[in-house]
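Asker: A predicted structure for the sequence below; I have some questions about it.
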Amino acid sequence: MEIKKITEKLSVSPQITVNDISDIKAAGFRAIICNRPDGEGADQPSFEEVEAAAKAVGIDARYVPVESGMVNDEDVAAFGASLEDLPRPVLAYCRTGTRSATLWSLSEAKTRSMPDILAATKAAGYDMNGVARRIANGGKTPTDTGDAKYDVVIVGAGAGGISVAASLKSRKSGLSIAVIDPADIHYYQPGWTMVGGGIFEASQTAKTMGSLIPSGVKWIKAAVAAFEPQNNAVILDGCRVVKYDRLVVCPGLKLDWSCVEGLEETLGRNGVTSNYRYDLAPYTWQLVQETKQGRALFTQPPMPIKCAGAPQKAMYLSGDAWFRRGVLKNIDIQFMNAGGVLFGVKDYVPALMEYVEKYDATLNFFHNLISVDGPAKMATFRVAKPDTDPTEVTVEFDMMHVCPPQTAPDFIRVSPLADATGWVDVDQATLRHKSFDNIWSLGDVMNAPNAKTAAAARKQAPTVAENIVADIRGRSAVAQYDGYGSCPLTVERGKIVLAEFGYGGALKPSFPAWLVDGTKPTRAAWFLKEKMLPPIYWQAMLRGKEWMAKPEQLKVAAE
């Protein structure tokens, strides 16, 4: 007998025997549901035998038989009613446990989200993606799914999604393309550091989504519930189905604020802020202006995160503002980094360390934020240094800038597209999915070992577009992505260390060293960040103009 827990209230298992009943009782179960019809297998006990043994030890038993592969809506209703009636916890069983897991998934569809259901069953060893349409339809068998069909469907209308749509249209204008995204507003997220530093206004970083979707591209304003790659289908909330010949997946990642106890309740007040949110970046600048003394914490969670330099950019710009106002000597700056290095590419560390020393900032490595008490202004960190037992330390603060833990979105993590860690599984050069030949991914959600930045998406979009067009023409991949990412590290107002690098930390400078030496702080890099990059983003990247982003020819194809 192998019991697999789905929730605190329900576990499932393959076929049980009469001899298992005592162990089931000892495990604390108060009821049993049999989902296997009598006589399905020669070696199975009848429900009557199981029920008698269960009642002898005080366990309730219910018979809800379901034919293999034939779970109908009435079965789901009967299973749900049994769960409501029976004392808990309940053990449901069939031949393998799959029917029981399916019945639970469909019976919970009206009250639980699709990702929650798929994640719970996946953790128990059951893949419910095959009934995703029914889950999206509230557990009932869909009768009218309202299918639409496109040559290319793009999930996500962030920097990657809109850019690849525009790049595809510029290469093959006749393609029917749909972009799926529920958001009304598109944000230029790299600008939020500058908002938090008092350089940009928040409004400069936002435009309506409708104004940015390329001409001739259909915008489907909806959320994705699940994927059916074997059927070339994307399932939307409400069980609408969109079919495709080719799919591009780039919904961005999830900021998991809830991973830090107490954080959501105190964001935007009690001195707790974050440049990772549009509405909070102005509060960062407000706090910097108001702070005259005390302790300022700047946190960085475990990788991967969007723009690994952003947490320390906030620290540098804050330190610079306090330096200019003459109050820096009264402020204790502490950088709390869950990792073990200041920056992952060592060539840029010497220049950054000069500013760490200038602002007299203390670097605390292997410190991961786990809880916040906003009213008390206390933050607790888990300290996990190599070769030592983890400890916890609580630190007082007057101001704290938080970078939240980050994961792939729930609907990605539980999908057939994800690798074991939850990211879309792609070939790091071609950005094509490793298992599904007509699927590509770019941006923050895929698993190539590159920095998750808008600059990376700027280089990835033409690569994906070029390879999709080649695939349409019956050719193999022709373009490759070299891992390029850029992180303009705003070390002071007016100067930036322009970190540009590819796979393995290889330096990938876009300019000659005499113009911009990325390993040193320069005013030229600041001009690029402040004046040039926003219009390049809005007017070039999102419109398919691949300035300094032409796709690199795949070396295999070149040979």
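Answerer: Ah, there it is. Numbers count the residues shown, from 1 in each chain.

Asker: Need phi/psi at the nearest residue to residue 530 once chain neighbours are set aside.
Answerer: What sits nearest to residue 530 in space, not counting adjacent residues and going by Cβ to Cβ, 6 or more residues apart in numbering, is residue 199, at 6.6 Å. Every residue, glycine included, has its C-beta placed from N, CA and C. When read as degrees, to the nearest 10, the backbone of residue 199 gives phi -100, psi -40.

Asker: Quick check: residue 199 touching residue 531?
Answerer: No. The pair residue 199 / residue 531 is not scored as a contact, 10.9 Å apart, by Cβ atoms under 8 Å.

Asker: pLDDT at the most centrally placed residue in the chain, what is it?
Answerer: Residue closest to the average C-alpha location in the chain (Cα atoms, centre = their mean): residue 408, at 2.0 Å. Residue 408 carries a pLDDT value of 96.

Asker: now it, nearest residue through space, not along the chain?
Answerer: With Cβ to Cβ, 6+ apart, the residue lying closest to residue 408 is residue 422, at 4.5 Å.

Asker: how far away is the residue nearest to the centre of the chain from residue 454?
Answerer: 18 Å (Cβ to Cβ, to the nearest Å).

Asker: Now do the contacts for residue 82.
Answerer: Contact analysis of residue 82 by Cβ atoms under 8 Å, 6 or more residues apart in numbering lists 33, 62, 64, 90.

Asker: quick one: secondary structure of residue 395?
Answerer: Secondary structure state of residue 395, per DSSP: H, G, I helix; E, B strand; the rest coil, is strand.

Asker: returning to what we had before: could you measure the residue nearest to the centre of the chain against residue 304, distance?
Answerer: In this structure, residue 408 and residue 304 are 10 Å apart, going by Cβ to Cβ.

Asker: Residue 53 too?
Answerer: Applying Cβ to Cβ, the value for residue 53 to residue 304 is 51 Å.

Asker: which sections of the stretch 101-250 of the chain are below the confidence cut-off?
Answerer: By pLDDT under 70, the low-scoring segments of the stretch 101-250 of the chain are 144.

Asker: that older thread, the residue nearest to the centre of the chain reaches residue 255, doesn't it?
Answerer: No. Applying Cβ under 8 Å as the test, residue 408 and residue 255 come out as separate, 11.6 Å apart.

Asker: residue ranges of the strands in the stretch 451-559 of the chain, please?
Answerer: Using DSSP state E, counting those that start in this stretch, the strands of the stretch 451-559 of the chain run over residues 479-480, 485-492, 495-501, 552-553.

Asker: For the ones you listed, which has the smallest mean pLDDT value?
Answerer: Mean pLDDT is lowest for strand 552-553 among these, at a mean of 88.

Asker: which strands and helices sit next to that one?
Answerer: Where contact means 3 or more Cβ pairs under 8 Å, 6 or more residues apart in numbering; DSSP states H and E, strand 552-553 is packed against strand 479-480.

Asker: Which strands border the strand it packs on, and is each parallel or antiparallel?
Answerer: Looking at strand 479-480 with DSSP bridges, its partner strands are strand 552-553 (antiparallel).

Asker: neighbouring contacts of the partner strand?
Answerer: The contact list for strand 552-553, computed with Cβ under 8 Å, 6+ apart, reads 463, 478-482.
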